[in-house]
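K.L.:
Below is the structure, and that's it, no one-letter string:
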């Protein structure tokens, strides 16, 4: 991501100095990808600082935690008053609050910036969420907003707020992503285990969905994942261990929600789903002794079912992602703004997420409009669009037939009574437990940690 961000900035007309502690990587970069561009290299921290104009603007893209503090310590002897240190990793926001105070006490400025979009986003336009020392923003604004993704002529980047606000917003962004991914995997699970559809056929369904109201980055890459075959021609996703892991941002969101007393239920459920998938050995053992309810064969109109499932997923994204996960995310940010004394621009945050980032989707424009109309909107449920969408009667009933043990109005695993049928439709389907085999689950869509021995694939 660091390399691609440098190339992106150079393409936008800025001269960038690249440094890596493995200096051979710097030389290789300059001789290849960076050749002919406005990029220079440095072989030491001292040389890096010497080559930068003041106030220096130094972006760190290193692993969160102690590595950030260690690198800042190396920089400090070579910095001057007013220089800016920018942490572009997924740091925990309390660390960014601390670093802001520490660097400002020494006359420096600190920015903790969320960067979303992965390697491709970094290269061609990410969503950037900077926060920290307000005095730094005028010096980095042009660079950041030109480097960021552009939607309708507007950059997916604006100043978020003070101290750790930037990394806090990125944390909530990732928590929302957890919820969205969980919904997608459960829709996959219905098609896979409910209908017994092959990955290519499911990919075609997702591809069709991505051309309509479900148009989003996550639906798009799910399609690509399902179509990707291993060397032997079989779908690679079927060989991936069904045990998801996590980097911590979703967990941090849930923990902070508990600290602030905010009911971020879907994000919490998505985190626990990953935790459950990770204890695979216990699931395998349990499947030998615990039988589960069986899936009743579906005898209706298959295409109508798939069309209903599309609307169910959309309803869940409106209810469960927008009006619960997104709404809860914004509720959490509003509470955090009071707790940490931040001035957050909620319409600006929604705009930042419209392009470049992992959770970008077509209805983020509606969220931007909602907060533009009513900056102090208490909850997205109170906005006209989401209120109308959630009560318009389009929530389908068909898929519920595949889970006859469900009862209308009862949310499986969710505490929110208002989720109604759309939550029922996209909860995990019951499975037929076979001795010695764990249920396949959908976790392999969440993460691909490593390949199994083909003989052990469940």
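P.N.:
It's in. Only a predicted model underlies this, so the values are computations on that prediction, with no experimental measurement involved. Residues are numbered from 1 along each chain as shown.

K.L.:
my read: residue 329 touches residue 172, true?
P.N.:
Yes. Judged on C-beta atoms under 8 Å, residue 329 makes contact with residue 172 at a distance of 4.7 Å. Quick note: C-beta positions are derived from backbone N, CA and C, even for glycine.

K.L.:
which residues are common contacts for the two?
P.N.:
Taking C-beta atoms under 8 Å, 6 or more residues apart in numbering as the criterion, residue 329 and residue 172 both touch residue 253.

K.L.:
doesn't residue 263 make contact with residue 335?
P.N.:
No. In this structure, residue 335 is not within contact of residue 263 by C-beta under 8 Å, at 10.9 Å.

K.L.:
For the residue lying closest to residue 74 once chain neighbours are set aside, which residues are in contact?
P.N.:
Closest residue in space to residue 74, ignoring its immediate chain neighbours: residue 45 at 4.8 Å, by C-beta to C-beta, 6 or more residues apart in numbering. Applying C-beta under 8 Å, 6+ apart to residue 45 gives the contacts 19, 74, 75, 78.

K.L.:
and the third one, helix, strand or coil?
P.N.:
So that's residue 75. Under DSSP: H, G, I helix; E, B strand; the rest coil, residue 75 falls in the helix class.

K.L.:
ok, residue 157 - contacts?
P.N.:
Shown in contact with residue 157 (C-beta under 8 Å, 6+ apart): 127, 128, 129, 130, 144, 145, 147, 148, 352.

K.L.:
pLDDT value on residue 193, please?
P.N.:
In this model, residue 193 is scored at 84, pLDDT.

K.L.:
swap in residue 368?
P.N.:
Residue 368 is assigned a pLDDT of 86 by the prediction.

K.L.:
Show me what whichever strand or helix holds it is packed against.
P.N.:
For residue 368, the element it lies in under DSSP states H and E is helix 364-373. Of the remaining helices and strands, those touching helix 364-373 by 3 or more C-beta pairs under 8 Å, 6 or more residues apart in numbering; DSSP states H and E are helix 346-352, helix 384-390.

K.L.:
which other residues reach the first one?
P.N.:
Helix 346-352 is touched from outside by 127-129, 148, 151, 154, 156-160, 169, 330, 333-334, 364, 367-368, 370-372, 375, 377, with contacts defined as C-beta under 8 Å, 6+ apart.

K.L.:
hmm, try it at 6 Å
P.N.:
Here helix 346-352 makes contact (C-beta atoms under 6 Å, 6 or more residues apart in numbering) with 127, 129, 156, 158, 169, 330, 364, 367, 368, 371, 372.

K.L.:
and which of these is nearest to residue 92?
P.N.:
The nearest member of the contacts of helix 346-352 to residue 92, counting by C-beta to C-beta, is residue 169 at 13.1 Å.

K.L.:
my guess is the closest one is in a helix, correct?
P.N.:
Yes. Applying three-state DSSP, one finds residue 169 inside a helix.

K.L.:
tell me the contacts of residue 6?
P.N.:
16, 18.

K.L.:
Checking it next. Helix, strand or coil?
P.N.:
helix.

K.L.:
Quick check, pLDDT for it.
P.N.:
You'll see residue 6 listed with a pLDDT of 97.

K.L.:
First residue to last residue on stretch 223-235, what's the distance there?
P.N.:
12 Å (C-alpha to C-alpha, to the nearest Å).

K.L.:
Which parts of it count as buried, going by neighbours?
P.N.:
Buried residues in stretch 223-235, counting neighbours by 16 or more other C-beta atoms under 10 Å, are found at 223, 225, 226, 227, 235.

K.L.:
Make CSV out of those and add distance to residue 180.
P.N.:
Shown next, in CSV, are those (distance: C-beta to C-beta, whole Å):
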residue, distance to residue 180
223, 15
225, 15
226, 17
227, 20
235, 22
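
K.L.:
which residues of the stretch 201-350 of the chain score low on pLDDT?
P.N.:
Within the stretch 201-350 of the chain, the segments meeting pLDDT under 70 span 292-293, 318-325.
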